[in-house]
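Asker: following is a predicted model, sequence given first.
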Amino acid sequence: MTDCLFCKMVAGDIKPAIVFEDDKVLAFRDIHPQAPVHILVIPKQHYANLNALDDAALVGHIVQTAVAIAQQEGVAESGYRTVFNCNGDGGQTVFHLHLHLLAGRQLAWPPG
Ligand code: 5GP
Ligand code: ZN
């Protein structure tokens with residue numbers, strides 16, 4: 001989608017701090033980190049959110065990518081959180097599917 005921020009990152013028009021990339025996903029550091037480690041894992045194909053996603057293998061790949069990055073960042077043992085925000089009540093602000101990987105501090109539960 002031409003007017004989508006994250007599609008522009010996939011296309012290379014906007015350059016985030018990339019931590020991992022393959023043919024299906026891109027992972028980069030969040031511009032407003034909510035924890036010492038805050039990385040977004042996105043599919044290269046545009047889906048607005050989980051409601052639009054019909055590809056179970058892709059969900060699995062996104063999650064496995066987040067786990068690999070957690071290991072790479074050295075937080076797999078201390079712990080981390082993975083979150084897909086969906087639509088208004090979920091707190092979604094960018095409507096290109098993304099998985100948040102948050103780590104590096106004690107995270108509160110329940111979330112606000
Ligand atoms: P959401 O609120 O949709 O779940 O998450 C969107 C995330 O995208 C937010 O954490 C926000 O900080 C991040 N974000 C928004 N614009 C940019 C940007 O231009 N670059 C990067 N790296 N992250 C962004
Ligand atoms: Zn997009």
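Answerer: Noted; the coordinates are in hand. Ligands and ions are numbered 1, 2, ... in the order given.

Asker: going by C-alpha atoms from here, please, whenever you check contacts or count neighbours.
Answerer: Will do.

Asker: which bits of the chain sit near ligand 2?
Answerer: Listed as neighbours of ligand 2 in the chain under the rule CA under 5 Å from the ion: 4, 6, 7, 46, 96.

Asker: quick one, phi/psi of residue 27?
Answerer: phi -130, psi 130 (degrees, to the nearest 10).

Asker: from memory it sits against residue 16, does it?
Answerer: No - using CA atoms under 8 Å as the test, residue 27 is too far from residue 16 to be in contact (9.1 Å).

Asker: between these two, who's got more neighbours?
Answerer: residue 27 (27 against 15; other CA atoms under 10 Å).

Asker: and that one, what does it touch?
Answerer: 18, 19, 20, 21, 39, 40, 41, 42 (CA atoms under 8 Å, 6 or more residues apart in numbering).

Asker: and for residue 50?
Answerer: Going by CA under 8 Å, 6+ apart, the list of residues near residue 50 reads 84, 86, 97.

Asker: by neighbours, which of these wins?
Answerer: Result: residue 97 is most packed of those (other CA under 10 Å), 25 neighbours.

Asker: once you drop chain neighbours, what's closest to it?
Answerer: residue 49 (4.4 Å; CA to CA, 6 or more residues apart in numbering).

Asker: about what we covered before: from the residues of the chain next to ligand 2, which is closest to residue 32?
Answerer: residue 6 (14.9 Å; CA to CA).

Asker: that closest one: which element?
Answerer: Using DSSP states H and E, the secondary-structure element containing residue 6 is helix 5-11.

Asker: pLDDT on that helix, on average?
Answerer: For helix 5-11, mean pLDDT rounds to 98.

Asker: that helix vs ligand 1: in contact?
Answerer: No - for a cut-off given as CA under 6 Å from any ligand atom, helix 5-11 has no contacts with ligand 1; the smallest distance is 6.9 Å.
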